[in-house]
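Peer 1: Pasting the sequence and the predicted model now:
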Amino acid sequence: MAKQKYKLVNPERFVLILLVLVIIILLCIQCGKKKNTNTDSEESSSPIIQTIDGENSEETGTKRSVSTIALDGVSGQMAAYMTSMLMSNLENVKSSMAGYLEGNTDVAANFDPTHYRYIVAIDASHGGSDKGYAVDDLVEKKITLSVAQHMINYLNAHNDGYYFLLTRSSDTTMTNEQRLKIANAYSVDCLITLRVNASEEELGGTVGTYYTASPSSGSDDDEDGEDENTSSGYNERDALSERLAQELMEAAADGFGMWYRYVEVEEGPMLETEFISCTVYMGYMTYYLDHDLLASESAQAAAGEAMGQALLDFLAQVAPEKSEAELARDGESSGESSENP
């Protein structure tokens with residue numbers, strides 16, 4: 001897997017420099033106005049005209065001149081425009097900076113994955129300037145974050161040697177590369193992405209997806225009775241991803257109070273990983289029944305808790321009983337006890 005290069009970005013310093021420049025421009029304008037006011041008190045009250053271009057006009061033969069008052073107005077407009085642009089983009093800068101910091105994996109530098117039996121990342125899709133689907137006041141990025149937070153709170157309250165993390169814990173803009181960078185930095189065993197569906201047709205219910213390199217089943221080209229899944233690349237990772245997608249899809253449906261549809265194969269960077277990964281589409285925002293359920297805070301909490309319990313049930317069957325660190329500590333303890341009878 002090729003290493004990705006990330007450029008160092010410091011938007012806060014960029015904004016600070018621009019603000020300093022604006023302040024300097026405003027101070028210069030203010031000093032110019034004071035100077036013009038003092039000159040006005042000594043001369044007549046008529047507008048002061050200062051020649052700044054001594055070239056003769058070809059049409060009138062007179063000199064072209066520009067009022068200093070007009071110059072002050074233009075400068076003020078430029079300063080106001082720059083300030084307006086900075087303020088209008090300040091939220092985007094903050095969001096981008098927050099996403100950059102949240103995507104920073106320095107926090108995982110001292111993280112030891114061997115201390116945990118299983119490591120799971122929960123990805124609340126979209127965020128920040130990427131709202132996802134939106135119908136009326138219902139926005140996808142808010143639903144996914146709310147359910148993810150309820151889910152991880154439930155998981156941490158019922159933890160048994162596992163480690164759970166969110167790829168984003170606030171309303172920040174993040175790329176798929178940043179999300180995967182976090183997952184890889186923590187050496188996750190599993191990645192779960194939460195999303196919401198939308199359709200022009202009247203479709204409702206939850207859907208689960210996973211990725212496999214295996215072609216669709218039902219082919220008649222299977223030779224010598226060989227298992228098609230085995231020969232075409234369908235492996236244990238794929239099987240576990242499909243199984244988890246099914247269980248989480250059903251749990252989300254139970255939590256929200258809607259029905260579930262099916263599990264299907266889907267392509268995408270968040271699914272095409274070496275570790276177990278799946279996506280749960282938690283209903284159709286465009287379907288009136290699902291819309292009301294997705295908007296309910298109590299239903300969001302119930303869905304997060306239901307998926308949390310489904311994940312714990314899944315881990316109880318696939319995760320090792322003890323982590324490497326726990327086994328090592330048990331070995332050291334047994335060695336010390338044998339030396340000191």
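Peer 2: It's in.
Peer 1: where exactly do the strands run in the stretch 101-250 of the chain?
Peer 2: For the stretch 101-250 of the chain, the strands identified by DSSP state E, counting those that start in this stretch occupy 118-124, 134-135, 138-139, 162-166, 190-197, 206-210, in order along the chain.
Peer 1: a markdown table for those, including mean neighbour count, mean pLDDT and distance to residue 241?
Peer 2: From N, CA and C alone the C-beta is placed, and that goes for glycine too. What follows is these, written out as a markdown table (neighbours: other Cβ atoms under 10 Å; pLDDT from 0 to 100; distance: least, Cβ to Cβ, whole Å):
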| stretch | mean neighbour count | mean pLDDT | distance to residue 241 |
| --- | --- | --- | --- |
| strand 118-124 | 25 | 98 | 13 |
| strand 134-135 | 15 | 96 | 29 |
| strand 138-139 | 16 | 96 | 28 |
| strand 162-166 | 20 | 97 | 18 |
| strand 190-197 | 24 | 98 | 9 |
| strand 206-210 | 25 | 98 | 4 |
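Peer 1: Same list, those, but as TSV with distance to residue 260 please.
Peer 2: Supplementary listing: these in TSV, determined by distance: least, Cβ to Cβ, whole Å:
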stretch	distance to residue 260
strand 118-124	19
strand 134-135	21
strand 138-139	20
strand 162-166	23
strand 190-197	12
strand 206-210	5
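Peer 1: quick one: which of those is nearest residue 146?
Peer 2: Each of these was checked against residue 146 via Cβ to Cβ, and the shortest separation belongs to strand 118-124, namely 8.3 Å.
Peer 1: What strands flank the closest one, and is each parallel or antiparallel?
Peer 2: The sheet places strand 118-124 alongside strand 162-166 (parallel), strand 190-197 (parallel), with pairing taken from DSSP bridges.
Peer 1: between those, which gets nearest to residue 331?
Peer 2: Distance to residue 331, taken as Cβ to Cβ, is lowest for strand 162-166 among the strands paired with strand 118-124, at 21.6 Å.
Peer 1: contact partners of the closest one?
Peer 2: Residues from elsewhere that reach strand 162-166 (Cβ atoms under 8 Å, 6 or more residues apart in numbering): 113, 115-124, 148-149, 152, 155-156, 182, 186, 188, 315, 319.
Peer 1: Can you give me the neighbour number for the closest residue to residue 274 other than its chain neighbours?
Peer 2: Of all residues not flanking residue 274 in the chain, residue 237 sits nearest, at 7.3 Å (Cβ to Cβ, 6 or more residues apart in numbering). Burial of residue 237 is recorded as 16 neighbouring residues (other Cβ atoms under 10 Å).
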